[in-house]
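Undergrad: here's a sequence, model it:
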Amino acid sequence: MSEVVTEKFVGIDVSKATLDVHIDTDKKSMHVDYDDAGLARIVSCLQESAPTLVVMEATGGLEVRVATELARHGLPVAVVNPRQARDFARAKGCLAKTDRVDAMVLAAFARCIRPQVRPLKDEQTRALDELLSRRRQLVENCVQEKLRSRMAVSRKVQKNLQAHVEWLEKNIADIDNDLEQNLRASAVWRVKEDLLRGIPGVGQITTWTVLLKCPELGQMDRRQIAALAGVAPLANDSGKRFIWGGRADVRAVLYMAALTAKRHNPVVKAFAERLKQVGKPPKVLIVACMRKLLTIMNAMLKHGTPWQSQGVRPEEALCPG
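TA: Alright, predicted model coming up:
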């Protein structure tokens, strides 16, 4: 008689100082410090248990270290949106919220929902992603300081603000240089960047953002990548469709790129004109153009097809929407 293999699902609740682990079939829980020794204990325990799936929430970057360590040892890890886990807990009537309970809920979520295991970013990609996020923070600060400078009356305050703006602009330029050098130094990154930069309407920041914030680009079909970025329309019984969730950084650059592509990209421009002629409202039109642009990027990276002039598009970009 063949041995019955029991599936095991694990939930890990991540906090700043501690990790709580729950293995559902073994009804085993662990509470360890979030340090090298604690991670080693978890890895050893899970390697022995051989779980079907390990699930943890995205917690603003705190989860990256433990997820990376588990994946490095060959353990199947899925990092999920905290909203999904909270909705699941409410549906089960689990209102208590402690680290131990959260780990148990995540284990139950793993068993019932079985979220997809996606490859985690490698060390270089994480470092460049963090650098890009820092750039966005500096740009936001620079915009705020420029606005304050216009409102300032005191000459002394104006000089102080101007000095800070110059410091911010220098640091932004330094980060741009670091990103450019690192991406161009890698043959893989260089090819991807060159492909995307060839699309009319897609600039340097858009290219960097979609590559670093959405590394799945080129590995999914057009519907999956649109949902991942948060530009896929979701149906509603009211008859309206809306976009929701996804990756805000990617959506932000796609919005700006779509505004430019509507004027200068022959494919997106023609697509926008068709939507306008059938009476689509401006918000629907711009989101559709964002989705079209992302679809084109996805197809070009998937097939290694460069942008061609006179409106010749990659295979998947021919599909409507």
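
Undergrad: show me where pLDDT drops low in the stretch 101-250 of the chain?
TA: 234-245 (pLDDT under 70).

Undergrad: surely Val202 forms part of a helix?
TA: No: counting by DSSP: H, G, I helix; E, B strand; the rest coil, Val202 is located in no helix; its state is coil.

Undergrad: all strands for the stretch 1-150 of the chain, in order.
TA: Remark: strands assigned in the stretch 1-150 of the chain by DSSP state E, counting those that start in this stretch are 9-14, 18-23, 28-33, 53-57, 77-80.

Undergrad: ok, the stretch 151-300 of the chain next?
TA: So, for the stretch 151-300 of the chain - with DSSP E, counting those that start in this stretch - the strands run 234-235, 241-242.

Undergrad: so who does Ala108 touch?
TA: Taking C-beta atoms under 8 Å, 6 or more residues apart in numbering, we find Ala108 in contact with 9, 11, 24, 88, 92. No exception for glycine: its C-beta is placed from N, CA and C like everyone else's.

Undergrad: give me the buried subset of those.
TA: 9, 11, 24, 88 (16 or more other C-beta atoms under 10 Å).

Undergrad: does the third one touch Glu7 like I think?
TA: In this case it means Asp24. No: with contacts counted by C-beta atoms under 8 Å, Asp24 stays clear of Glu7, the gap being 9.0 Å.

Undergrad: give me the common contacts of these two.
TA: Contacts common to Asp24 and Glu7, judged by C-beta under 8 Å, 6+ apart, are Arg111.

Undergrad: and the buried ones among the contacts of Ala108, which is closest to Asp249?
TA: Within these, proximity to Asp249 (C-beta to C-beta) peaks at Phe88, which comes in at 25.7 Å.

Undergrad: which phi and psi does Thr52 have?
TA: Backbone torsions of Thr52, given as degrees, to the nearest 10, read phi -70, psi -40.

Undergrad: shift numbering so it begins at 63
TA: Done: numbering now begins at 63, and the last item shifts to Thr114.

Undergrad: burial count for it?
TA: 17 (other C-beta atoms under 10 Å).

Undergrad: kindly provide the distance from Ser91 to Glu119.
TA: As for Ser91, its distance to Glu119 is 17 Å (criterion: C-beta to C-beta, to the nearest Å).

Undergrad: when these two are compared, which one has more neighbours?
TA: Between Ser91 and Glu119, Glu119 has the larger neighbour count (other C-beta under 10 Å), namely 23 against 15.

Undergrad: that one contacts Val141, correct?
TA: Yes: contact criterion C-beta under 8 Å: Glu119 and Val141 qualify, at 7.2 Å.

Undergrad: having no further points to raise, I will conclude here.
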